[in-house]
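*Asks:* For reference, the sequence and a predicted model appear below.
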Amino acid sequence: MPTNRQILLDNRPDGEATTSNFKLVTTDTPALQDGQVLVRHHYLSLDPYMRGRMNESKSYAQPQPLGEVMIGGTVGEVVESRHPKFKPGDQVVGMGGWQEYSVVDGNAPGLLRKVDTTHVPLSYYLGAVGMPGVTAWYGLTQIIAAKEGDTVVVSAATGAVGSAYAALAKARGCRAVGIAGGPAKCKYAVEELGFDACIDYREHPDVKTMAKALKEACPNGIDGYFENVGGYILDAVLLRTNAFARVAVCGMIAGYDGAPLPLQNPALILVNRLKIEGFIVSEHMELWPQALQELGTLVAQGKLKPRETIAQGIESAPEAFLGLLKGKNFGKQLVELI
């Protein structure tokens, strides 16, 4: 069995996360038992939710245990199998974590899924045709309930979730407006992802200027908002919402370091009769097949063209993860492990 390099959570952040919170170790991969599968990971997914798991405070998911492999989605190849459903060479997606290999119980529901790479590249199953894509699909279709003619907005517009959101919104006849950081990302959002407009939050660093930019980009107001960031951007969006607008709350990356994120004008929830709903996409597994089918079709048709930022080697994961939290990535952030 191969040796396996892993990254553990060594200690919890005090405020901002740093590379010293992680520890790289090398271990021996255990021999397979009946029903188990050995997977060699090709790519590791890095996602903002991982920052929340590093804290010990109460959240929607259990904290990442200290001294254990960091949680994370992976895609790779079966190299050895003692389970009849899997054979060497199968391409699979799972939650193998920050390591080069994983030993998976082939009988456990949802832990390992075979994927078809004929029309969809393997890495896309961690982004556009994976958890982030399904996240965008669920927020847009189940909470925002987007319909033709709606104006829908998303923050972190050029990330893995936002990229899929644009394609899904345009497929439904919506006006899609993104919020992203920097002129290059905004240009990409409009020219390649298909957003009708994109606002550079770096040029609009407060509620007043962001609200003005949103008014120009959304002349008919905002019917649906997908929240990834929080803070002043949410305050500005609420000022521009129409009556009965819907807000899908997926993440609040502005508050992941532990500081509270106050809301400036909560009376707008009543004034505009807003529906605001937080969600965790893993609690809605029954809808994943429907979402994945639409996302895979959009990729195959060339209507969803996600970009990827790829770091090399397991040792690069902590630095790449910290860069993701600061918006240094362009599109989906991955680590290539082979």
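*Replies:* Everything's here; your move.
*Asks:* so what's the nearest residue to residue 324 once chain neighbours are set aside up against?
*Replies:* Nearest residue to residue 324 in three dimensions, chain neighbours excluded: residue 333, at 4.6 Å (Cβ to Cβ, 6 or more residues apart in numbering). C-beta: built from backbone N, CA, C; applies to glycine. Residues in contact with residue 333 (Cβ atoms under 8 Å, 6 or more residues apart in numbering) are 45-47, 160, 308-309, 311, 320-321, 323-324.
*Asks:* doesn't residue 282 fall inside a helix?
*Replies:* Yes - with DSSP: H, G, I helix; E, B strand; the rest coil as the criterion, residue 282 is part of a helix.
*Asks:* Strands - which of the contacts of residue 333 land there?
*Replies:* Using DSSP state E, 45, 308-309, 311 are the members of the contacts of residue 333 that sit in strands.
*Asks:* Quick check: closest non-adjacent residue to the residue nearest the centre of the chain.
*Replies:* When Cα atoms, centre = their mean is applied to the chain, the residue found nearest the centroid is residue 132 (4.0 Å). Nearest residue to residue 132, sequence neighbours excluded (Cβ to Cβ, 6+ apart): residue 160, at 3.6 Å.
*Asks:* So the one you found versus residue 72, what's the distance?
*Replies:* Noted for residue 160: a distance of 13 Å to residue 72, by Cβ to Cβ, to the nearest Å.
*Asks:* try residue 49
*Replies:* Taking Cβ to Cβ, one finds residue 49 at 10 Å from residue 72.
*Asks:* So which of those two has more stuff around it?
*Replies:* Remark: of residue 49 and residue 72, residue 72 carries more neighbours, 24 against 20, as counted by other Cβ atoms under 10 Å.
*Asks:* Am I right that the residue nearest to residue 324 falls within a strand?
*Replies:* Yes - Residue 333 sits within a strand when classified using three-state DSSP.
*Asks:* List the buried residues in stretch 14-26.
*Replies:* Residues of stretch 14-26 classed as buried: 17, 21-23 (neighbour count, 16 or more other Cβ atoms under 10 Å).
*Asks:* can you count the residues close to residue 33?
*Replies:* Neighbours around residue 33, by other Cβ under 10 Å: 9.
*Asks:* hang on, I meant residue 155
*Replies:* Residue 155 has 28 nearby residues by other Cβ under 10 Å.
*Asks:* Is it correct that it is in contact with residue 222?
*Replies:* No - at 12.0 Å, residue 155 does not count as touching residue 222 under the criterion of Cβ atoms under 8 Å.
*Asks:* what helix or strand is the nearest residue to residue 56 once chain neighbours are set aside on?
*Replies:* Excluding its sequence neighbours, the residue lying closest to residue 56 (Cβ to Cβ, 6+ apart) is residue 63, at 5.1 Å. If you go by DSSP states H and E, residue 63 is not part of any helix or strand.
*Asks:* Quick check: phi and psi on residue 63?
*Replies:* Backbone torsions for residue 63, taken as degrees, to the nearest 10, come to phi -60, psi 150.
*Asks:* how about low-confidence regions in the chain?
*Replies:* Of all residues in the chain, none has pLDDT under 70.
*Asks:* ok, what's across the strand from the spatially closest residue to residue 186 that is not a sequence neighbour?
*Replies:* Distances taken as Cβ to Cβ, 6+ apart place residue 198 nearest to residue 186, at 3.9 Å, with adjacent residues excluded. For residue 198, the beta-bridge partners under DSSP bridges are residue 178.
*Asks:* which residues touch residue 198?
*Replies:* 157, 177-180, 185-187, 189-190.
*Asks:* Repeat the analysis, applying 6 Å as the threshold.
*Replies:* 157, 178, 180, 186, 189-190 (Cβ atoms under 6 Å, 6 or more residues apart in numbering).
*Asks:* can you check residue 256 too?
*Replies:* With Cβ under 6 Å, 6+ apart, residue 256 has these contacts: 51-52.
*Asks:* Mind doing that once more with 7 Å?
*Replies:* 48, 51-52, 325 (Cβ atoms under 7 Å, 6 or more residues apart in numbering).
*Asks:* Same list (the contacts of residue 333) but as CSV, adding distance to residue 91 and neighbour count.
*Replies:* Below are the contacts of residue 333 laid out as CSV (distance: Cβ to Cβ, whole Å; neighbours: other Cβ atoms under 10 Å):
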residue, distance to residue 91, neighbour count
45, 15, 25
46, 20, 26
47, 21, 23
160, 19, 30
308, 17, 20
309, 22, 17
311, 21, 22
320, 23, 20
321, 25, 28
323, 28, 16
324, 25, 21
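*Asks:* what about residue 15, helix or strand, and which?
*Replies:* Per DSSP H and E, there is no helix or strand for residue 15.
*Asks:* thought it was touching residue 257?
*Replies:* Yes - using Cβ atoms under 7 Å, residue 15 is in contact with residue 257, at 5.4 Å.
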